[in-house]
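K.L.:
Need a 3D model of the following:
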Amino acid sequence: MKLSVIIPAYNESKRIIPTLESVQNYLQNQEYESEVIVVANGCSDDTVEVANLFQGKINNLNVLNIEAKGGKGWAVKEGMAKAKGEVAVFMDADNATKLSEMDHFWKYFNQGYDVVIGSRALAQSKITQKQPFYRRWLGKSGNLLIRMVLIPGIHDTQCGFKAFTSKAYDDIFSRLTIFGWGFDMEVLAIARHKGYNVKEEPVTWHDIGESRVEPIKAALNTLKELYIIRKNLIKGTYGRAAKKREHK
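P.N.:
Modelled structure (predicted):
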């Protein structure tokens, strides 16, 4: 199994259909074996039933219907626990970044990187539909703070398209303590702390709209979770730091 695709979903019965169609179209043209894991996280709609319509259309489709014990981070963690791929990628159920971006990621794994993350903030990134100004401003301000306090050198920690080698995802997600929207920060902080090589790669991203994230509330939560992660690093919650490994 070369690639596992994790799609966390909360009440996504409408938006997940075109996403799974896109995933199906991409994977059926690849020569490697793959699997798709849809994680329905405490859904109250028919996301599970809709996703199961793709059984037989997508090879190795696994639809998990889990009890909501956390937000998106909890769903991704549950998906990663089931993954069998040499590489696992999680992507958003609204298909804001398409799975075809993996075409640009493989070369970095071949070079020895452990984690490759999509970015909307690099010069080569393509934003086909921008968010409202206030969301962009909050996002840029938040990422600047994250770089200063927690993860230097990463320009976009929150893009919902991140890929990991099997060793990295088994290790990193087993240490996760934050399961809301701030889990992306913690994932990258753990990766850096444990000495994994992280590559930030520009992607094409399209704002689908209908976001469930309240920007002010999300910003306040980010500050809170930033403090928690920083405290965890100081306390040694994630285990002993590793020396940074050289990649070929």
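
K.L.:
for the helix or strand hosting residue 63, packing partners?
P.N.:
Secondary structure assignment for residue 63, by DSSP states H and E: strand 61-66. The elements that strand 61-66 packs onto, with contact taken as 3 or more CB pairs under 8 Å, 6 or more residues apart in numbering; DSSP states H and E, are strand 34-41, helix 47-52, helix 72-82. (Each C-beta comes from the backbone N, C-alpha and C, glycine too.)

K.L.:
Scan this protein for its longest helix.
P.N.:
For the chain, the helix reaching the highest residue count under DSSP state H is reported as helix 215-235.

K.L.:
Can you show me the CA trace of it as PDB?
P.N.:
Presented in PDB, the C-alpha positions along helix 215-235 are these (Å, rounded to 0.1, in the frame of the first residue of the first chain):
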ATOM      1  CA  PRO A 215     -12.700  33.700  12.800                       C
ATOM      2  CA  ILE A 216     -12.700  35.600  16.200                       C
ATOM      3  CA  LYS A 217     -13.300  32.500  18.200                       C
ATOM      4  CA  ALA A 218     -10.700  30.600  16.200                       C
ATOM      5  CA  ALA A 219      -8.200  33.300  16.800                       C
ATOM      6  CA  LEU A 220      -8.700  33.200  20.500                       C
ATOM      7  CA  ASN A 221      -8.500  29.400  20.500                       C
ATOM      8  CA  THR A 222      -5.300  29.600  18.500                       C
ATOM      9  CA  LEU A 223      -3.700  31.800  21.200                       C
ATOM     10  CA  LYS A 224      -4.800  29.400  23.900                       C
ATOM     11  CA  GLU A 225      -3.600  26.300  22.100                       C
ATOM     12  CA  LEU A 226      -0.300  28.000  21.100                       C
ATOM     13  CA  TYR A 227       0.300  28.500  24.800                       C
ATOM     14  CA  ILE A 228      -0.600  24.900  25.600                       C
ATOM     15  CA  ILE A 229       1.700  23.500  22.900                       C
ATOM     16  CA  ARG A 230       4.600  25.700  24.000                       C
ATOM     17  CA  LYS A 231       4.100  24.600  27.600                       C
ATOM     18  CA  ASN A 232       4.000  20.900  26.500                       C
ATOM     19  CA  LEU A 233       7.300  21.300  24.700                       C
ATOM     20  CA  ILE A 234       8.900  22.800  27.800                       C
ATOM     21  CA  LYS A 235       7.500  20.200  30.100                       C
END
